[in-house]
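*Asks:* need a structure here:
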Amino acid sequence: MKELLNKVSEKIGDTRDAVMDSLEHAFSIEKLTEKFSSMTDSAREKSANFTSDIISLSPIIEEIGFKTKGITLAIGLPPSATFHFEKFKDIAAERREEILAQHKDNAMLGIIVKTLVAADDYQKKIKLGNFKFECIEVCIGLGPGVNVQLVPKEA
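*Replies:* Down below sits the predicted model:
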């Protein structure tokens, strides 16, 4: 029995060491720099165009009632952009649909606006208590996502 426990402990230690080595290698700054440097000019150009296209949506999104507080760009493989939005006014659903219809060829705009509206509807349904709704973060990239930030109300 003792021999079995020793073998299991040894295997666990080996596995732990292998995982740690893999993580250190995968997340090393040198490796990330190497990956970014190895991007072709074409890939860099596509990444820059993608980012510029997303940034150009901010004025349209403001018409819908959400101000862009900031944009975080992840320059890597794959690239991503995270918009930080703050709701500053309510507009009628009909007006929102008119704006989207004017830009119907821009699928990314539709996705972002629908995400913002869904997050806004969500915050209306929860009891915030001593918190207030501060920011909606929408990440556009290979792994899209949404974060809703709540902060304490000021006294």
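*Asks:* quick one: low-confidence parts of the chain?
*Replies:* Counting by pLDDT under 70, the chain contains low-confidence ranges at 1-2, 4-40, 76-77, 155.
*Asks:* change it to 90
*Replies:* 1-58, 70-83, 104, 106-112, 115, 119-134, 138-151, 153-155 (pLDDT under 90).
*Asks:* now the strands for it?
*Replies:* 66-74, 80-87, 131-141, 145-152 (DSSP state E).
*Asks:* now, of those strands, which is deepest in the fold?
*Replies:* strand 80-87 (a mean of 20; mean count of other Cβ atoms under 10 Å). No exception for glycine: its C-beta is placed from N, CA and C like everyone else's.
*Asks:* centroid-nearest residue for this structure?
*Replies:* Here the mean C-alpha position of the chain is nearest to the C-alpha of Cys139 (Cα atoms, centre = their mean), at a distance of 2.2 Å.
*Asks:* and that residue, how far from Ser42?
*Replies:* Per Cβ to Cβ, to the nearest Å, Cys139 is found 24 Å from Ser42.
*Asks:* please apply the same query to Val151.
*Replies:* 42 Å.
*Asks:* returning to that earlier point: mind putting the strands of the chain into TSV with distance to Glu94?
*Replies:* Shown next, in TSV, are these (distance: least, Cβ to Cβ, whole Å):
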stretch	distance to Glu94
strand 66-74	17
strand 80-87	18
strand 131-141	22
strand 145-152	25
